[in-house]
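S.K.: Quick one: sequence plus predicted model below, questions after.
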Amino acid sequence: MKQFKLWINGKWEDTLGGKKMQIENPATGDLIAEVIDSSPEDVNKAVQAAHNAFYDGRWSRLTPGEKANCIWKLAELLSERTEEFAKAESENTGKPYKNLSLVGDIPFAVDNLKFFAGAARETQGSRSGEFFPGYTSLFRREPVGVVGQITPWNYPILMAVWKLGPALAAGCTVVLKPAPGTPITTLMLAELSGQAGFPEGVINIVTGGNETGQTIVDHPSVRMVSLTGSTETGKKIMRSAANTLKRVHLELGGKAPLLVFEEADLELLAAKATLGATCNTGQDCTAATRVYVQKSQLKRATEALVESMRSVKIGLPFDDASEMGPLISKIQRERVSGFVERAKQSGAKILTGGGIPKSFDRGYFFEPTVIAETSQNAEIVQNEVFGPVLTILPFEKEENAIAFANDVNYGLASSIWTNDLSRAMRVSQRLEFGTVWINDHLPLASEAPHGGFKQSGFGKDLSAESMGDYLITKHIMIGGV
Ligand code: NAD
């Protein structure tokens, strides 16, 4: 079984009084690694390392080009080791190796890092000028300082890179805590950062559970906390951050609607909605979850979706044919099946799936599930399930579709299915979601901002915009000019 220590000040460090945590492979239930459940002293040591690295300027005072070189080198090292990282990610999460980790998560993480290497060279303020007689003003954009970053378990390496990229490009130093069950690729990335030439203390990784996260949030030397996680955790962190008035950056839950109008291409919808609902076993904050179909097409759309969801190949992560792996844990499977059972009990109809596939006696597999005859205010429609579960509801008019789509607490992602361009533009303007896809669902790009409206949080990941969240504008006013 692999053993990992903590990555602090550019080297592996043992714990100061913390415990051990065992890491499981969700496809088999086997234990695959042992990591440290950090103590408050470990967190303090990591924050101190990041603090020293920030204030002695060993990172923030490097030229943009020097910073960019380190980030680019990290991308190259990760790219060279794509297979090794993809294997580790699939082993730790159960994701299909060939169809997801190898072609999706790791190459996208490399691309994200390369984007932020470029972005590191463009941090300066946009204006200088004379706004008052005899004075010249300069607007500088400066890094926030030590940033605490906290990631979830669904895309461990991607979420780590989405956090690290903009913070490092902005000149911040970091203490990052991965989710308790999926720390392996983040720890592997930490070691690569040493080889990439990052100065000691710029990147620090502590492992542990929610308490470790809370210790980071409460630490007075941490100037900002960036979380990707559930809305409940976001609320807790925001409350705690008030004590030290930290900046918070929150990428939280989602409950994406798909608005299917009568002119939509239903074959395309079925294929893309299925991918949107089953990619990463539906454990995706932008996952396709609520399908609303214009009444005249309800029957045809439902048949197409059911057939397509039934055809998804569930399998072990290292079976090349696998399109969908297990859920992340026993607890998560209980949560997903609890939602489905309660929907059933309240009168909804399960059109396909709804249970554990018969061919798996180990691991936390769950069938792709389609639920109909539910209602807009039902729990299964309103709350984030985080599993391969779609609901289908009908609507009469465009106006009703928009109202249904916006009638949840979340606002992360949505999609519109139509070949009517005017309708696509009209509806997209009225949807309260950070991303609106037209005739697709799921793709993201390093250049495009990703983040929520409403209780899906605020602040952006990806894109040059995300870097702005890690910078503070300073006005320097020169008199006697
Ligand atoms: P979670 O909120 O349970 O945990 C996320 C992280 O927060 C973990 O590292 C956890 O240890 C830590 N944490 C929990 N309580 C804390 C506290 N009080 N103080 C500090 N840290 C704390 O979420 P999860 O179950 O790991 O991940 C799934 C959630 O993440 C879903 O809601 C999903 O929608 C969301 N998510 C959002 C995005 C996005 O971009 N918006 C992307 C991926 C996942």
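M.R.: Everything's here; your move. Numbers count the residues shown, from 1 in each chain.
S.K.: need the residues of the protein near the ligand, please.
M.R.: Counting by Cβ under 6 Å from any ligand atom, the chain comes close to the ligand at 150-154, 177, 179-180, 209-210, 213-214, 217, 227-230, 233, 236-237, 251-254, 285, 384, 386, 412, 452, 456, 461. Placement of C-beta: from N, CA and C, glycine included.
S.K.: and the residue of the chain at minimum distance from the ligand, what does it touch?
M.R.: Relative to the ligand, the nearest point of the chain is Gly213 (2.2 Å; Cβ to the nearest ligand atom). Each residue near Gly213 by Cβ atoms under 8 Å, 6 or more residues apart in numbering is listed here: 150, 177, 233, 237.
S.K.: State the distance from it to Ser230.
M.R.: 12 Å (Cβ to Cβ, to the nearest Å).
S.K.: rewinding a little: helix, strand or coil for the residue of the chain closest to the ligand?
M.R.: Three-state call for Gly213 (DSSP: H, G, I helix; E, B strand; the rest coil): helix.
S.K.: For the stretch 101-250 of the chain, which segments count as helices?
M.R.: Here the stretch 101-250 of the chain has its helices, by DSSP state H, counting those that start in this stretch, at 106-119, 156-170, 184-195, 210-218, 231-241.
S.K.: Next, give phi and psi for Tyr292.
M.R.: Backbone torsions for Tyr292, taken as degrees, to the nearest 10, come to phi -110, psi 120.
S.K.: What about it, how many residues nearby?
M.R.: 25 (other Cβ atoms under 10 Å).
S.K.: I'd guessed it sits against Ala403; true?
M.R.: No. Using Cβ atoms under 8 Å, Tyr292 and Ala403 do not qualify as a contacting pair, with a distance of 10.0 Å.
S.K.: Pull the contacting residues for Val453.
M.R.: Heads up, residue 453 is Phe, not Val. Contacts of Phe453 by Cβ under 8 Å, 6+ apart are 411-412, 432-434.
S.K.: Buried residues in stretch 81-92, which are they?
M.R.: 81-82, 85-92 (16 or more other Cβ atoms under 10 Å).
S.K.: now these in TSV, with secondary structure and pLDDT?
M.R.: Formatted as TSV, the buried residues of stretch 81-92 follow (DSSP: H, G, I helix; E, B strand; the rest coil; pLDDT from 0 to 100):
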residue	secondary structure	pLDDT
Arg81	coil	98
Thr82	helix	98
Phe85	helix	98
Ala86	helix	98
Lys87	helix	98
Ala88	helix	98
Glu89	helix	98
Ser90	helix	98
Glu91	helix	98
Asn92	helix	98
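S.K.: quick one: contacts for Ser337?
M.R.: Ser337 neighbours (Cβ under 8 Å, 6+ apart): 355-356, 366.
S.K.: out of the residues you listed, which are buried?
M.R.: 356, 366.
S.K.: pLDDT and secondary structure added to the contacts of Ser337, as TSV?
M.R.: Formatted as TSV, those follow (pLDDT from 0 to 100; DSSP: H, G, I helix; E, B strand; the rest coil):
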residue	pLDDT	secondary structure
Gly355	97	coil
Ile356	97	coil
Phe366	98	coil
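S.K.: of all the contacts of Ser337, which comes closest to Leu269?
M.R.: Nearest to Leu269, judged by Cβ to Cβ, of the contacts of Ser337 is Phe366 at 22.8 Å.
S.K.: which residues sit in contact with the closest residue to Leu444 other than its chain neighbours?
M.R.: Nearest residue to Leu444 in three dimensions, chain neighbours excluded: His450, at 5.8 Å (Cβ to Cβ, 6 or more residues apart in numbering). Shown in contact with His450 (Cβ under 8 Å, 6+ apart): 162, 251, 434-435, 444, 460-463.
S.K.: ok, those vs Ile23, which is closest?
M.R.: Trp162 (21.6 Å).
S.K.: Arrange the buried residues of stretch 81-92 in CSV, one row each, with distance to Ile23 as further columns.
M.R.: Shown next, in CSV, are the buried residues of stretch 81-92 (distance: Cβ to Cβ, whole Å):
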residue, distance to Ile23
Arg81, 20
Thr82, 21
Phe85, 16
Ala86, 17
Lys87, 15
Ala88, 11
Glu89, 12
Ser90, 14
Glu91, 9
Asn92, 7
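S.K.: Please tell me which one of the contacts of Gly213 counts the most neighbours.
M.R.: Lys177 (29 neighbours).
S.K.: Run a quick neighbour tally on the residue nearest to Leu250 when sequence neighbours are not counted.
M.R.: With sequence-adjacent residues excluded and distances taken as Cβ to Cβ, 6+ apart, Leu250 is closest to Gly457, at 3.4 Å. For Gly457, the neighbour count with other Cβ under 10 Å is 29.
S.K.: Could you do Ser446 as well?
M.R.: 22.
S.K.: where's it relative to Glu396, distance?
M.R.: For Ser446, the distance to Glu396 - Cβ to Cβ - is 40 Å.
S.K.: again, but for Asp319
M.R.: 44 Å.
S.K.: if you count what's nearby, which of the two comes out ahead?
M.R.: Asp319 (16 against 10).
S.K.: Could you find the closest non-adjacent residue to the more buried one?
M.R.: Per Cβ to Cβ, 6+ apart, closest to Asp319 is Pro96, 7.8 Å.
S.K.: what about Lys397, how many neighbours?
M.R.: 10.
S.K.: ok, for the most centrally placed residue in the chain, nearest residue in space, not its chain neighbours?
M.R.: Closest to where the C-alpha atoms of the chain average out (Cα atoms, centre = their mean) is Met159, at 5.0 Å. Closest residue to Met159 apart from its sequence neighbours, by Cβ to Cβ, 6+ apart: Thr151 at 3.9 Å.
S.K.: One more: Arg140?
M.R.: Lys474 (4.7 Å).
S.K.: Specify the angle between the helix or strand hosting that neighbour and helix 156-170 in degrees.
M.R.: Element membership for Lys474 (DSSP states H and E) is strand 471-478. Interaxial angle, strand 471-478 versus helix 156-170 (axes from the mean of the first three to the mean of the last three Cα atoms, to 10 degrees): 0 degrees.
S.K.: List the buried residues of strand 471-478.
M.R.: Leu471.
S.K.: What pairs with it, parallel or antiparallel?
M.R.: Neighbouring strands of strand 471-478 in its sheet, by DSSP bridges, are strand 135-143 (antiparallel).
S.K.: hang on, the earlier thing: wait, what's in contact with the residue nearest to the centre of the chain?
M.R.: 151-152, 178, 228.
S.K.: returning to that earlier point: surely the residue nearest to Leu250 touches Thr233?
M.R.: No. Using Cβ under 8 Å, Gly457 is not in contact with Thr233; the gap is 10.4 Å.
S.K.: Thank you kindly, that will do.
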